[in-house]
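Trainee: predicted structure and sequence below. I'll ask about it afterward.
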Amino acid sequence: MNLPPRTSPNDHPASARKLSPLTLLAVVGSLMTMSALATDVMLPAFPAMAAHFSVDEATIQLVVSVFMVGYALPQLLIGSLADRFGRRKVLVGGLAVYFAGSVICLLAPSLTMLLVGRVVQGLGCATGPILSRAVLRDLYSGAQLARMMSYAMIVFSAAPLLAPSIGALMIRLWSWESTFVFLLLVAVALTLLVLFVLPETLETPDLNAFKPRSVWRNIKTILSDPRSGWSVAFLTFVYGGLMAYLLASPSIYISHFGLGPEGFAVVFALVATTSLLTQPLNARLLRRYDPQQIAGVALPGYLFAGLLLLVLSLGGVLTLPLFVLSMITFFASFSFVMGNGTTMLLDPHQARAGVASGLMGFLQLAIGTALGTLIARYATADPKALAIGFIVLGLLSYPAFRLALRPRVNVAERLT
């Protein structure tokens with residue numbers, strides 16, 4: 001793996017310059033997995049959890065939906081805090097909250113208390129993905145940033161591969177509550193990585209970053225730039241499709257296709273394996289093409305996946321292998337689009353990388369999760385609803401992507 005050098009090594013703290021790229025990727029990739037582990041590990045437990053609390057499977061999806069609400073709420077706060085106080089302090093604080101939420105979930109006597117714990121988990125979990133992206137932007141830019149994002153996504157891709165299998169194994173050996181024991185251990189392990197391995201990468205803190213007026217000014221700056229403003233839009237629509245699949249997949253695989261928890265874990269991992277193939281390929285393509293060029297070619301695959309799934313469903317020939325094929329097509333498009341699209345969003349904003357990453361996460365989760373939840377509620381009973389959701393989101397995302405390619409024109413330039 002030929003890793004790119006840092007953009008400007010002398011512009012960063014000495015501790016950051018001593019950290020090898022491979023070690024950096026291991027830490028950053030692990031931090032990216034926080035949210036994926038917190039959702040995917042319990043997907044095989046949905047039927048057991050629904051039976052335990054005497055609710056239907058559509059209701060038990062709330063354990064993911066409310067987690068995403070908690071995950072979305074502090075995104076802007078975390079980004080601004082990290083731009084003001086540094087990446088490491090905010091990461092440690094977030095992991096402590098994540099640990100506390102896992103304890104509440106483990107000891108929850110009712111579904112209501114479990115949902116409260118999931119919200120707390122989400123609040124703490126938000127720090128990992130936001131600040132992992134900010135750390136990479138502190139050290140890299142342009143195609144180098146996109147390549148490092150791709151390599152980090154390889155580590156991230158291990159979460160959906162392993163988490164359902166871990167969840168299924170723990171359910172068989174113990175009970176669905178054991179999934180929260182696993183998440184407790186994850187919180188401890190990530191805290192140790194941050195404390196003893198990850199250096200501070202923010203060279204110059206923004207002393208005004210956490211002031212409301214500065215936060216609002218930074219948000220306006222990001223959204224008014226077509227490169228980042230429209231990138232937020234198309235990334236949000238793409239993320240909505242991922243949430244729809246994640247929420248609907250247990251019912252589709254287990255109830256519709258008749259798989260058990262172990263079978264669900266295997267098939268879910270098979271689909272997620274797509275990212276292990278696309279991310280190294282993306283890193284190689286970035287040696288020749290710009291991030292926006294690759295994203296532009298990959299984005300129509302999102303729409304194609306929805307059309308393929310709809311045709312197979314309407315034709316009455318949708319089998320498990322064909323459904324998996326459709327989801328592999330979706331994941332291939334998703335993998336290429338997210339890493340390169342994130343680079344398009346972050347690249348113009350090194351001075352405000354934390355809040356830019358947080359804004360991206362907030363809008364993805366607030367709007368993308370709402371769209372995904374709406375689609376999944378209908379898709380649990382009929383995969384055609386998932387197909388229609390993919391098609392609609394694909395049709396919305398491509399025009400936003402094209403608008404993101406427009407260069408920014410200053411008001412002063414228009415007047416001259």
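Mentor: Good, I have the coordinates.
Trainee: where does pLDDT dip in the chain?
Mentor: When the per-residue scores of the chain are filtered using pLDDT under 70, the ranges that remain are 1-19, 160, 209, 350-351, 381, 407-416.
Trainee: tell me the buried residues in the helix ranked longest in it?
Mentor: When secondary structure is assigned using DSSP state H, the longest helix within the chain turns out to be helix 142-173. Within helix 142-173, the residues that count as buried by 16 or more other C-beta atoms under 10 Å are 143-171. For glycine as for every other residue, the C-beta is placed from the backbone atoms N, C-alpha and C.
Trainee: before we move on, what about stretch 349-361?
Mentor: Within stretch 349-361, judged by 16+ other C-beta under 10 Å, the buried ones are His349, Gln350, Arg352, Ala353, Gly354, Val355, Ala356, Ser357, Gly358, Leu359, Met360, Gly361.
Trainee: I figured Asp83 was touching Leu202, is that so?
Mentor: Yes: the pair Asp83 / Leu202 is scored as a contact, 7.2 Å apart, by C-beta atoms under 8 Å.
Trainee: circling back to that earlier point, which strands or helices does the longest helix of the chain pack on?
Mentor: Contact here means 3 or more C-beta pairs under 8 Å, 6 or more residues apart in numbering; DSSP states H and E; on that basis helix 142-173 packs against helix 21-40, helix 127-139, helix 178-196, helix 261-272, helix 274-285, helix 320-346.
Trainee: tell me what the helix or strand following the longest one is packed against?
Mentor: When you say that, I think you mean helix 320-346. The C-terminal neighbour of helix 320-346 among helices and strands, as given by DSSP states H and E, is helix 353-363. Using 3+ C-beta pairs under 8 Å, 6+ apart as the contact test, the elements touching helix 353-363 are helix 62-72, helix 75-85, helix 127-139, helix 212-224, helix 226-250, helix 320-346.
Trainee: could you rerun that using 10 Å?
Mentor: With contacts defined as 3 or more C-beta pairs under 10 Å, 6 or more residues apart in numbering; DSSP states H and E, the packing partners of helix 353-363 are helix 62-72, helix 75-85, helix 87-107, helix 127-139, helix 212-224, helix 226-250, helix 320-346.
Trainee: between those, which one is closest to Asn282.
Mentor: When the helices and strands packed on helix 353-363 are compared by C-beta to C-beta, helix 320-346 sits nearest Asn282, at 5.7 Å.
Trainee: how far does the closest one sit from its chain's centre?
Mentor: Its chain's C-alpha centre and that of helix 320-346 lie 12 Å apart, by C-alpha atoms, centre = their mean, to the nearest Å.
Trainee: the inter-axis angle of that helix versus helix 142-173?
Mentor: 140 degrees (axes from the mean of the first three to the mean of the last three C-alpha atoms, to 10 degrees).
Trainee: give me the neighbour count for Thr319.
Mentor: Counted with other C-beta atoms under 10 Å, the neighbours of Thr319 add up to 10.
Trainee: surely it meets Gly258?
Mentor: No: Thr319 is not in contact with Gly258 according to C-beta atoms under 10 Å; the separation is 11.7 Å.
Trainee: number of nearby residues for the closest residue to Ser65 other than its chain neighbours?
Mentor: The shortest distance from Ser65 to any non-neighbouring residue, by C-beta to C-beta, 6 or more residues apart in numbering, is to Thr373 (5.3 Å). Burial of Thr373 is recorded as 20 neighbouring residues (other C-beta under 10 Å).
Trainee: ditto for Leu192
Mentor: A count of nearby residues for Leu192, using other C-beta under 10 Å, gives 11.
Trainee: ditto for the one 4 residues further on
Mentor: When neighbours are defined as other C-beta under 10 Å, Phe196 has 7 of them.
Trainee: quick check: closest non-adjacent residue to Leu235.
Mentor: Distance criterion C-beta to C-beta, 6+ apart; nearest residue to Leu235, sequence neighbours excluded, is Gly341 at 4.8 Å.
Trainee: verify the contact between that neighbour and Leu405 for me.
Mentor: No: Gly341 is not in contact with Leu405 according to C-beta under 10 Å; the separation is 11.5 Å.
Trainee: which of those two has more neighbours?
Mentor: Each of Gly341 and Leu405 had its neighbours counted (other C-beta under 10 Å), and the higher figure belongs to Gly341 (28 against 15).
Trainee: show me what contacts that one?
Mentor: The contact partners of Gly341, taken as C-beta atoms under 10 Å, 6 or more residues apart in numbering, are 146, 149, 231-232, 234-235, 238-239, 291-292, 294-295, 298-299, 360, 397, 401, 404.
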